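# Predicted model and sequence below, questions to follow.
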Amino acid sequence: RQAAPTTCRHLPTPEHCLLPRSRMPMVVPHQSQVVFCPEPTITCPIRLHIHSTDSFYMSPQLNRILLAISGLGVLAGIFLFQGVRSVSTAGGMNAFFLFGLICFAAALVLFAITYRMFAQIRVQISQDQQDQLTTVLKRTNAMLSATKRLKNDQQGLIQLLNTMEEAAWIRDANHQIIFANDTLASLVNVSAEDLVKAEGNYTKTDFLKLLEQQDEKTQSTGSPQHCEIEADQDQRFKINSYPVVSDDGHVAGVVSVASNRTAEHKLKSLQEQSTYIDHFTNLGTRQLASKWLADAITSAKDHEQSVAVLYLNINDFKLVNRNFGPEQGDNCLKEVATRLATLVNENCLAARMSGDEFAVMLGDINNPQEILNLAQAVQDSLDQPIVLADTNITVNVSMGMARFPDHGEDPWSLLLQAESDMQNSKESQQAN
């Protein structure tokens, strides 16, 4: 008896989902790799046809029972035929008649056994049929559950990416964007619909080209990539790209997230500025002087040039504070710093080394006369009177000099030698 076909309705893939079921990653992008869930190998709809027993699969045990039934049926027929023949031909209650009755009895027993075996087969076939149907239904339910989970994972990932503050997008193996969240669309001033079109109505900016290059690198290497790029209006972004790996190990796409690091970059710049800039005089600090000298020495070694350091100290500066007050003393330091800053060019740097000590550094020196010219310019600039509380004063400075490579080959040695030379000059002035 053929049962009615059983139809199991397959959950359709949501039309709003931009990814096909075989292309949707099953984990979120913060992992080192994203693994695809294989597409369920089912079609929609699914029809399960339960056929009659003539085409139903028989187990070896059922085949043996059927063979035994066939043999018993043949024997029963033979006994029945022999019994009928013996009884009909016997002339009375003789041995031939008794033999016929015995054949009749044997035939009945064999028919009874055959009937019982048929009943057993029917029960066994029914049970096997039910077991197979149950197995098919379990597999179907498992596939439908996997499809439902896949659908939920798709919707969950799309919702997650859409609610992220960072820009997020997914590319396929052909480098085509197949999903873009609203943050990315707002960042590049292109709608998400245009971004996912193969021929979107927009012009690729330099920023979008940089993103595409980063994604191509991730896909070609098959490993996560991290970098920082600079966009328009001094904006900086950190790009984290992750390969999407299918079950066969091939890179089927890329999931990328772009975090805006502009505020962090500006904060870092301010921190560096506080390290390298003296906010009282707007000159460089000792840290900046050391860094600048290191770069200048490296350049001088490559071009066989020289580097010089002029180290200055205001003599008797404590008298300025005593006679005019600390506020006017600060004004005096600021005026000295301003005059030194006017002497700075592209190969020169002025820095405040401590309270009343300054340094002027000169790089790319090809002629020692350049050092003497700079020293004379510093002296002439500071010889000009400074107005403090309507009073003109002239500051007197002690100056020392050190030169690469004669007095040292690293910033620390040059600064130490220049400061030592300045102290010697100061002591000579005091002695005179």
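Everything's here; your move.
# which residues does Asp316 contact?
By CB atoms under 8 Å, 6 or more residues apart in numbering, Asp316 lies in contact with Asn396. Every residue, glycine included, has its C-beta placed from N, CA and C.
# got the phi/psi numbers for it?
Asp316 adopts backbone torsions of phi 50, psi 40, taken as degrees, to the nearest 10.
# Then Ile314?
According to degrees, to the nearest 10, Ile314 has phi -80, psi 120.
# I'd like to know how far the residue lying closest to it once chain neighbours are set aside sits from Ala289.
Leaving aside its sequence neighbours, Ile314 sits nearest to Asp356 (CB to CB, 6 or more residues apart in numbering; 4.4 Å). Computed as CB to CB, to the nearest Å, the Asp356 to Ala289 distance reads 16 Å.
# Have a look at those two and say which one is more surrounded.
Using other CB atoms under 10 Å, the more surrounded residue of Asp356 and Ala289 is Ala289, with 24 against 21.
# quick one: least confident helix or strand in the chain?
strand 46-48 (a mean of 34; mean pLDDT, DSSP states H and E).
# wait, isn't the residue nearest to Ile314 in contact with Asn321?
No - using CB atoms under 8 Å, Asp356 is not in contact with Asn321, being 9.8 Å away.
# Give me the common contacts of the two.
By CB under 8 Å, 6+ apart, no residue touches both Asp356 and Asn321.
# What count of nearby residues applies to Ala377?
Neighbours around Ala377, by other CB under 10 Å: 15.
# Confirm it sits in a helix?
Yes - under DSSP: H, G, I helix; E, B strand; the rest coil, Ala377 falls within a helix.
# Now the helix or strand that contains His226: buried residues?
For His226, the host element (DSSP states H and E) is strand 225-230. For strand 225-230, burial by neighbour count (16 or more other CB atoms under 10 Å) applies to Gln225, Ile229.
# Same check on stretch 366-385?
Glu370, Ile371, Leu374, Ala375, Val378, Leu382.
# Quick check: closest non-adjacent residue to the first one.
Leaving aside its sequence neighbours, Glu370 sits nearest to Leu362 (CB to CB, 6+ apart; 6.6 Å).
# Pretty sure the one you found sits against Asn347.
Yes - with contacts counted by CB under 8 Å, Leu362 reaches Asn347, the gap being 6.7 Å.
# So for those two, which sits in the more crowded spot?
Leu362 (23 against 15).
# Look up the residues forming beta bridges with that one.
Ala308, Cys348 (DSSP bridges).
# quick one: contacts for it?
Leu362 neighbours (CB under 8 Å, 6+ apart): Val307, Ala308, Val309, Leu310, Asn347, Cys348, Glu370, Ile371, Leu374.
# now the residues you listed as JSON lines including pLDDT?
Output for these, formatted as JSON lines (pLDDT from 0 to 100):
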{"residue": "Val307", "pLDDT": "96"}
{"residue": "Ala308", "pLDDT": "96"}
{"residue": "Val309", "pLDDT": "96"}
{"residue": "Leu310", "pLDDT": "96"}
{"residue": "Asn347", "pLDDT": "90"}
{"residue": "Cys348", "pLDDT": "93"}
{"residue": "Glu370", "pLDDT": "93"}
{"residue": "Ile371", "pLDDT": "93"}
{"residue": "Leu374", "pLDDT": "93"}
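# how about these in a markdown table, adding distance to Lys197?
Below are the contacts of Leu362 laid out as a markdown table (distance: CB to CB, whole Å):
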| residue | distance to Lys197 |
| --- | --- |
| Val307 | 58 |
| Ala308 | 62 |
| Val309 | 62 |
| Leu310 | 64 |
| Asn347 | 53 |
| Cys348 | 56 |
| Glu370 | 62 |
| Ile371 | 65 |
| Leu374 | 63 |
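# just those residues now: which is nearest Ala294?
Val307 (10.1 Å; CB to CB).
# Would you mind measuring from the closest one to Met399?
17 Å.
# So between those two, which is more surrounded?
Higher neighbour count among Val307 and Met399: Val307, with 28 against 19, using other CB under 10 Å.
# who touches the nearest residue to that one once chain neighbours are set aside in this structure?
Among residues not flanking Val307 along the chain, Phe404 sits closest, at 4.1 Å (CB to CB, 6+ apart). Applying CB under 8 Å, 6+ apart to Phe404 gives the contacts Ala296, Ile297, Ala300, Ser306, Val307, Ala308, Leu414.
# Repeat the analysis, applying 7 Å as the threshold.
Ile297, Ala300, Ser306, Val307, Leu414 (CB atoms under 7 Å, 6 or more residues apart in numbering).
# mind giving me TSV with these and columns for secondary structure?
Shown next, in TSV, are the contacts of Phe404 (three-state DSSP):
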residue	secondary structure
Ile297	helix
Ala300	helix
Ser306	strand
Val307	strand
Leu414	helix
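# Make a markdown table from those and add distance to Cys227 to it.
Output for the contacts of Phe404, formatted as a markdown table (distance: CB to CB, whole Å):
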| residue | distance to Cys227 |
| --- | --- |
| Ile297 | 31 |
| Ala300 | 33 |
| Ser306 | 39 |
| Val307 | 35 |
| Leu414 | 37 |
